[in-house]
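1. give me the fold of what follows.
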Amino acid sequence: MEKKLIKAAKEVSKNAYSPYSKFKVGAALLTSSGNIYTGTNIENSSYPAGVCAERVAIFKAITNGENKFDMLAIYSHSDKLFYPCGICRQVIAEFARNLPIIVAKEEDNYIKTNIKDLLPQAFRL
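-> This next block holds a predicted model:
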């Protein structure tokens, strides 16, 4: 399943709208029902108006009535691994306190981590 998610994240990253940074990111989220939701980063000339791939995938799942997540893969067109930003970490932690996260450069070049390790003191009400 890991390679399938990485492949989906890599494929959707081609749709990134990143005219300013030229940094393309894709995310693929596996829900407990077995569905996969993808997202890509979308930039805007007013920088705070942009959104990260991880949040797009999560928001698509939520919009479709799903809020139980099993795994998230993140792919970036880069020679190094990039982890979720702080805002994405908090959004991930809102819905999954122990979500496995794959950070990938390729289907055979990735690291597995966990939101609990990436954001050990997540804000929670």
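2. go ahead and confirm residue 56 touches residue 28.
-> No. Look at residue 56 against residue 28 with Cβ atoms under 8 Å: they stay out of range, at 10.9 Å. For the C-beta atoms, the positions are set from N, CA and C on the backbone; glycine is no exception.
3. identify the contacts common to these two.
-> residue 38 (Cβ atoms under 8 Å, 6 or more residues apart in numbering).
4. neighbour count winner among the two?
-> residue 28 (28 against 22; other Cβ atoms under 10 Å).
5. in a strand, that's where the more buried one is, yeah?
-> Yes. Using DSSP: H, G, I helix; E, B strand; the rest coil, the assignment for residue 28 is a strand.
6. now it: how far from residue 3?
-> 11 Å (Cβ to Cβ, to the nearest Å).
7. likewise for residue 31?
-> With Cβ to Cβ as the criterion, residue 31 and residue 3 are 18 Å apart.
8. for those two, indicate the residue with more neighbours.
-> Taking other Cβ under 10 Å, residue 31 and residue 3 do not tie; residue 31 has more neighbours (17 against 14).
9. excluding its backbone neighbours, what's nearest that one?
-> Here the nearest residue to residue 31 in space, its sequence neighbours aside, is residue 66; by Cβ to Cβ, 6 or more residues apart in numbering that works out to 4.5 Å.
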